[in-house]
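Colleague: quick check, what structure comes out for this input:
(3 chains)
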Amino acid sequence: MATLAVSGERKNYLNAEYGIRSWLFTTDHKRIALLYLLSITAFFFIGGFAALLIRLELLTPAGDLLSADAYNKAFTMHGQVMVFFFLIPSIPAVLGNFLIPMMVGAKDLAFPRINLISWYIYIIAGILYIHCLVTGGVDTGWTFYPTFSTEFSNTKVIEAGLAIFVSGFSSILTGLNFVVTVHRMRAPGMTWSRLPLFVWSHYATSIIMLLGTPVIAITLVLVVLERALNLGIFDPTRGGDPVLFQHLFWFYSHPAVYIMILPSMAVISEIVPCFSRKRVFGYNFVAMSSIAIAAIGFLVWAHHMFVAGISLYSAIVFSFLSFLVAVPSAVKVFNWTATLYKGSISFSTPMLYAFGFIGLFTIGGLTGLFLASLGTDVHIHDTYFVIAHFHYVMVGGAVMGYLGGMHFWWPKISGRMYPEGWGRLAALIVFIGFNLTFFPQFILGYLGMPRRYWQYPPEYQVLNVLSTAGATILAVGYLLPMVYLLWSLRYGKPAPDNPWQATGLEWQTSSPPPTFNFDETPIVTQEAYEYENMPLPEEVTLER
Amino acid sequence: MSDSPIVMEHTEHEARPELRHHFADVEQQRNAASLGMWWFLGTEIMFFGGMFCAYLIYRRWYFEEFAAASRSLSLGIGTFNTTVLICSSLTVAMSVRAAQLGNRKLQVKMLLLTLVFGLSFIGIKGIEWHKKYTEHHIPTFDYNVISGEGSLVKGNEHLLGIDKVENDPVKLRERKAEIQQHTKIFYSLYFALTGMHAIHMIVGVGIFICITWMAHKGRFTPEYHTPLEIAGLYWHFVDIVWIYLFPLLYLIDRKPIS
Amino acid sequence: MSEHSEHIVSAKLYWLIFLSLIVGTVVTAWVATVDLGKYHGIDANTVVALFIATCKASLVVLIFMHVKYTSEKMTKAILLAAIFWLLLLLVLSLTDYSSRYDGSLNPLPSDFTAWLA
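Modeller: Alright, predicted model coming up:
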């Protein structure tokens, strides 16, 4: 086969074994990463389809495309699929799984079989959720608030709750694997202070996964029990407190957003120094800021509940703590910027995504402060301002980081270079489409348009139309990489070991790597990001 | 180059079939397994913790009703069952010790005793639950704490404030409705907590059946008994959860009624 | 490769811990039947019961689970982290529940002000 002849006779993890069994029963972390890649992409399409329905409906003020109930299902499923089945696994399960063993100099993660089991758990959860979707769906909002979810909704709340409960275990096992790997599997000489910042961020992410996910697990169990057995724990007419559910739900779901953003920040911390040819400014600060985000992120959850009926005094406490969490994020942005300063910058596709991330994440983060501030939140809570805020950080931030990372490590993963021209074009289209979709939503929210409404007063139409137009452009921007990355598998230039001349142990092995990553256990003597000693990247050639 | 690290790795991997290929030596494998299990137990603390949070909130709100419902649990059976579980923890610790000393027969004996204690605990729990069922204390199954054999009102009139509103039929009816609702929250949490604990016990018994079989086959030596060790950690953790559940559920207020 | 030698706990110590746990169980059940009163609104029986439970749990963790004998710092770190995180959940939730408006004319609920006094 032409493709294999070009990528070399050398055995690598892709051609080591053939057949579906060798993939479904693999314990190779790189193959498991690809299994995850396929699955999360499938869910991205499902969540994207729900988004399409939402944006089409919102083209007109009247509720004409979908019924109100169907619209409720659309935004619920968009949220649940995107959060639980796409964003939370995305970078950790794909890039984290693929890269962390190599970055620490190990042959595999600490628990390869548990890694495979975590994928199967994810698939089971996914099948359960899709079954729920096609047999009626769920309309409670992604947040499952009782007593609607526990008593009044006529949709498949129990099934959706159980599916997400199961998916949580996939998350927990992934986090477990990463933490133990980083503690126990580092190669000789790989001290904590020589670890790539990608690893630090994923370590912090794993801590959140381990300590937070169990709480939403038990919360969903309680909701399922309440609904199935009509218990009344969250029913105020029977002595229960619906706000208790919200405390338990947000205790996880707020740190969950840091599960979604920290891995993306991890990617940016690798891309920026590489394409500035400079070490990261303030390595220690960036490393510690990941830990700080993970820790402080657990202290702020009730800022989602300011108008839910919590006491004013606790609201003040949580508002103050929410301001604190912005600090370590800002530290990262400052340090990346300082890394860029006087660097030798090249505008490769990954770097374009990184720039997009830094700008959009900053906007998203700053608008988070509007929401953290108790006084302003009272006005913009549950409006499109909130939606714009979290899409700026989750899509403008997390997804752009994911795309940047996929491009950056694509040569390593596939052994092929993607077409750079198309890459840059797609990045630009994503950036434009994204801003056109979500910036109008800040204005809509500020003007008072509530979220989760399927019809709205006519004065909001222009902004909604702009937003839908942007969404179409964004969709094109997302489809392009799927096309040219697949194209590159067959027709892309074969990649050398280190096409970007990047530092990091993963670039010391072949592209694609052999099954056991390294022919010999590496011994580390250098700090991370010693770009002063690296040559500049040449044009990629076919020679290996 | 004759003593290169790779050569040494291969030798150890050949000598120790239980050593998996991605670990350099058995010590690293054991450390990793132990760390992994401790982290997993950390997640379990948060898992049960969510229910403890719900329990804490409602106990503050409805102390009297919680106290009355707690009194309906048998103090004797609860105390006895706690001691059964503690016995099982002892036998688990002893079996690990036997493995450390290379005593296969003792390992298996201790593990079988562990299974006996574990299954006894589950059995006794089942008896307690059956009692709750006959007393109509299980939410959704004919739940009734006001009248009949499961009445919590009789004997607890002062605790539940019934004596204060006895003469006012409207207030009495309201208070009874409140008692019915608030005790239901206690029992919901009681069954959720003990049920989740029981599920963990059943899983633990399943794991230990496998471990006992492995011990019987002589798989555990002083150099390698990692599966036994980490299974033991899990079992002790389930014991610790019960150590907290017992006072929180059974001992809310056992002061004699004056 | 030389093995990191494991510490083997004596059978006697295991029996001693076991007996302490049994005694602790019996004591905690018995003390629950004795009225220990309330101090500053806090029920002493509850405090004693939780204290005894914590002592029992500590014995299991330190001796049965070998935490006293391990040289692994991570084990203790994980345990403390998980306990601390649970306390975060409980304490921060309580900031809400303990300060909710209870319908009285006081800006703070009455048992909170009583506790302060």
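
Colleague: could you pull up the contacting residues of A:Gly136?
Modeller: The neighbours of A:Gly136, taking CB atoms under 8 Å, 6 or more residues apart in numbering or on different chains as the test, are A:155-156. Every residue, glycine included, has its C-beta placed from N, CA and C.

Colleague: check B:Thr226 too.
Modeller: Here B:Thr226 is in contact with B:29-30, B:33-34 (criterion: CB under 8 Å, 6+ apart).

Colleague: try 7 Å this time
Modeller: By CB atoms under 7 Å, 6 or more residues apart in numbering or on different chains, B:Thr226 lies in contact with B:29-30, B:33.

Colleague: which one (most neighbours) among these?
Modeller: B:Arg30 (22 neighbours; other CB atoms under 10 Å in any protein chain shown).

Colleague: okay, and that residue sits in which element?
Modeller: For B:Arg30, the host element (DSSP states H and E) is helix B:26-61.

Colleague: in that helix, what counts as buried?
Modeller: Neighbour-count burial for helix B:26-61, with 16 or more other CB atoms under 10 Å in any protein chain shown as criterion, is recorded at B:26, B:28-59.

Colleague: those residues: which ones sit near chain C?
Modeller: Counting by CB under 7 Å from any CB of the partner chain, B:35, B:38-39, B:42, B:45-46, B:49, B:53, B:56-57 from these sit close to chain C.

Colleague: count the neighbours of residue 97 for me.
Modeller: Looking at chain A here, since you left the chain open. Look at A:Asn97: counted by other CB under 10 Å, it has 29 neighbours.

Colleague: ah, no, chain C please
Modeller: Counted by other CB under 10 Å, the residues lying close to C:Tyr97 total 20.

Colleague: just checking, next helix/strand downstream of the helix or strand hosting A:Thr181?
Modeller: According to DSSP H and E, A:Thr181 maps onto helix A:157-184. Next in sequence after helix A:157-184, counting helices and strands by DSSP H and E, comes helix A:197-229.

Colleague: now do that following helix: distance to the chain's middle.
Modeller: 15 Å (CA atoms, centre = their mean, to the nearest Å).

Colleague: got the angle between the helix or strand that that helix is followed by and helix A:157-184?
Modeller: Using DSSP H and E, the helix or strand that follows helix A:197-229 in sequence is helix A:242-276. Relative orientation of helix A:242-276 and helix A:157-184, computed by axes from the mean of the first three to the mean of the last three CA atoms, to 10 degrees: 40 degrees.

Colleague: and the stretch 401-544 of chain A, which residues reach chain B?
Modeller: A:520-521.

Colleague: where do the helices of the stretch 401-544 of chain A begin and end?
Modeller: Here the stretch 401-544 of chain A has its helices, by DSSP state H, counting those that start in this stretch, at A:420-446, A:461-491.

Colleague: just name the most buried of the ones you listed.
Modeller: Most buried of the helices of the stretch 401-544 of chain A by mean neighbour count (mean count of other CB atoms under 10 Å in any protein chain shown) is helix A:420-446; its value is a mean of 20.

Colleague: where do the helices sit along the stretch 251-400 of chain A?
Modeller: A:283-296, A:312-340, A:349-372, A:374-380, A:384-391, A:400-414.

Colleague: which one among the contacts of B:Thr226 gets closest to A:Thr76?
Modeller: B:Ala33 (40.2 Å; CB to CB).

Colleague: surely the closest one touches B:Ile230?
Modeller: Yes. With contacts counted by CB atoms under 7 Å, B:Ala33 reaches B:Ile230, the gap being 5.4 Å.

Colleague: picking that back up, with respect to burial, which of the helices of the stretch 251-400 of chain A scores highest?
Modeller: Most buried of the helices of the stretch 251-400 of chain A by mean neighbour count (mean count of other CB under 10 Å) is helix A:400-414; its value is a mean of 25.

Colleague: so that helix versus helix A:420-446, what angle?
Modeller: Following the same axes, to 10 degrees, one obtains 160 degrees for the angle between helix A:400-414 and helix A:420-446.

Colleague: list, one by one, the residues from the stretch 1-150 of chain A near chain B.
Modeller: A:106-108, A:110-112.

Colleague: farthest-apart pair in these, please.
Modeller: A:Lys107 and A:Phe111 (12.8 Å).

Colleague: tell me who's in contact with residue 32.
Modeller: Since you didn't name a chain, this refers to chain A. Here A:Ile32 is in contact with A:26, A:97, A:115-116, A:119 (criterion: CB under 7 Å, 6+ apart).

Colleague: actually chain C
Modeller: B:251, B:254, C:45, C:49.

Colleague: how about A:Tyr446?
Modeller: With CB under 7 Å, 6+ apart, A:Tyr446 has these contacts: A:380, A:385.

Colleague: next one, pLDDT for it please.
Modeller: Looking at A:Tyr446, its pLDDT stands at 95.

Colleague: cool, and B:Glu9?
Modeller: 53.

Colleague: same question for A:Glu543.
Modeller: 32.

Colleague: quick revisit: and the helix holding B:Arg30, what does it pack against?
Modeller: helix A:157-184, helix A:197-229, helix A:242-276, helix B:169-216, helix B:226-245, helix C:73-97 (3 or more CB pairs under 7 Å, 6 or more residues apart in numbering or on different chains; DSSP states H and E).
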